[in-house]
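A.B. asks: sequence isn't available, so here's the structure alone:
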């Protein structure tokens, strides 16, 4: 699609979004993404017509995507959320050690992302600002 884009429109901006927490003790924050991932994979659209379910399948989680959708559409949202693979949550976020976040930023850049929208998780405003400054620094090096 990008090749067919009218050059008069200028450069295409590709926005990526991720939850952000940097540190050696932040892995528990991955759980915050579980219900939202289940909603998107399981409940956005009809069975057989869900972009996010199709995407999870293309990423290699065919069985899990099917289970999540079946459970979610049956009203079993907590059970659907429990089926979201931890590895998928890790790859959809910027939650982890500085090295992990740096690796994810490189992967995002390589995939074509030009603008990053983050949701920083910290105890206060000052902590959120510090995370944004840190990810900006890491992204400049990616």
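C.D. replies: Here it is on my side, so go on. Being a predicted model, the structure only gives us computed values, none of them experimental.
A.B. asks: for stretch 73-82, buried residues please.
C.D. replies: For stretch 73-82, a neighbour-count test (16 or more other CB atoms under 10 Å) marks 76-77, 80-81 as buried. To be clear about C-beta, it is placed using only N, CA and C from the backbone, and glycine gets the same treatment.
A.B. asks: max pairwise distance over those residues: which two?
C.D. replies: Farthest apart among those by CB to CB are 76 and 81. That separation is 9.3 Å.
A.B. asks: number of nearby residues for the residue nearest to residue 32 when sequence neighbours are not counted?
C.D. replies: Leaving out its chain neighbours, the residue that sits closest to residue 32 by CB to CB, 6 or more residues apart in numbering is residue 19, at 6.6 Å. Applying other CB atoms under 10 Å, we find 18 residues neighbouring residue 19.
A.B. asks: taking the centroid of the chain, which residue is nearest it?
C.D. replies: Central residue of the chain (CA atoms, centre = their mean): residue 92, 2.6 Å from the mean position.
A.B. asks: in contact with it: list those residues for me.
C.D. replies: 18, 33, 37 (CB atoms under 8 Å, 6 or more residues apart in numbering).
A.B. asks: nearest to residue 46, of the buried residues of stretch 73-82?
C.D. replies: residue 80 (15.7 Å).
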